[in-house]
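Undergrad: turn this into a model:
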Amino acid sequence: MSESKMLTLVSSQGDSVEVESEVACMSTLIKNMVEDSGADEAIPLPNVKSAILSKVVEYCKHHKDNPPEEIAKPLKSANLAEVVSEWDNEFVNVEQDVLFELILAANYLDIKSLLDLTCAKVASMIKGKTPEEIRKQFNIVNDFTPEEEAQVREENKWCEDA
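TA: Numbering: from 1, shown residues only. Predicted coordinates for the structure are as follows:
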């Protein structure tokens with residue numbers, strides 16, 4: 001088996017991570033950069049912090065030879081464990097701020113399966129909750145007046161019936 005070429009990824013904090021090109025190229029952004037400019041120089045990722053880059057690399061290493069199943073939308077269950085693999089479920093079982101940083105990194109790096117997984121985790125946190133419970137979960141301030149809120153509820157009443 002031929003040895004895979006190694007790429008150096010550099011986080012926004014200046015930390016370098018050596019990764020097999022096959023793993024790194026799960027990111028469409030990195031794949032395009034390598035195709036355009038070659039892989040001889042370190043690849044700067046100014047939008048990804050070191051800790052998040054480590055998590056992303058962990059995800060890509062795991063799924064390199066084991067592609068994740070497509071996540072059915074809309075989610076069938078608020079319990080993500082019923083929708084994704086045990087490994088994926090554990091992977092996104094993180095603090096909320098880490099989860100949101102993973103979403104931003106997956107979007108920036110263009111890793112669709114990771115973006116789908118992290119967004120499915122957020123969807124599972126919202127599914128079946130009232131607007132008040134969702135606000136509390138995500139620390140969202142309700143800046144509607146009671147009149148505005150009543151109007152929005154009336155305009156979106158059809159959603160409740162679906």
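Undergrad: next, give phi and psi for the nearest residue to Ala78 once chain neighbours are set aside.
TA: The spatially closest residue to Ala78, leaving aside those adjacent along the chain, is Lys127, at 4.0 Å (CB to CB, 6 or more residues apart in numbering). All C-beta atoms are positioned from the backbone trio N, CA, C, and that covers glycine. For Lys127, the backbone dihedrals are phi -50, psi 130 (criterion: degrees, to the nearest 10).
Undergrad: which residues touch Lys127?
TA: 75, 77-78 (CB atoms under 8 Å, 6 or more residues apart in numbering).
Undergrad: report the distance from the helix or strand Val34 falls within to the chain centre.
TA: Assessed by DSSP states H and E, Val34 sits inside helix 28-37. Computed by CA atoms, centre = their mean, to the nearest Å, the chain-centroid distance of helix 28-37 equals 20 Å.
Undergrad: buried stuff in it?
TA: Neighbour counts using 16 or more other CB atoms under 10 Å place 29-30, 33-34 of helix 28-37 among the buried residues.
Undergrad: counting by contacts, list what that helix packs against.
TA: Counting contacts by 3 or more CB pairs under 8 Å, 6 or more residues apart in numbering; DSSP states H and E, the secondary-structure elements packed against helix 28-37 are strand 6-10, helix 21-24, strand 43-44, helix 96-109.
Undergrad: please compute how far the second one lies from its chain's middle.
TA: This means helix 21-24. 18 Å.
Undergrad: repeat that for the third one.
TA: How far strand 43-44 lies from its chain's middle: 20 Å, per CA atoms, centre = their mean.
Undergrad: just the buried members of the contacts of Lys127?
TA: When these are checked for burial by 16+ other CB under 10 Å, the buried set is Leu75.
Undergrad: how close does Asn32 sit to Leu53?
TA: Distance, Asn32 to Leu53, by CB to CB, to the nearest Å: 18 Å.
Undergrad: just Glu95 next, same as before
TA: 17 Å.
Undergrad: settle it for me: which of the two has more neighbours?
TA: Neighbour count, other CB atoms under 10 Å: between Glu95 and Leu53, Leu53 has more, with 22 against 8.
Undergrad: pretty sure Lys31 contacts Val23?
TA: No - Lys31 lies out of contact with Val23 (CB atoms under 8 Å); the separation is 11.1 Å.
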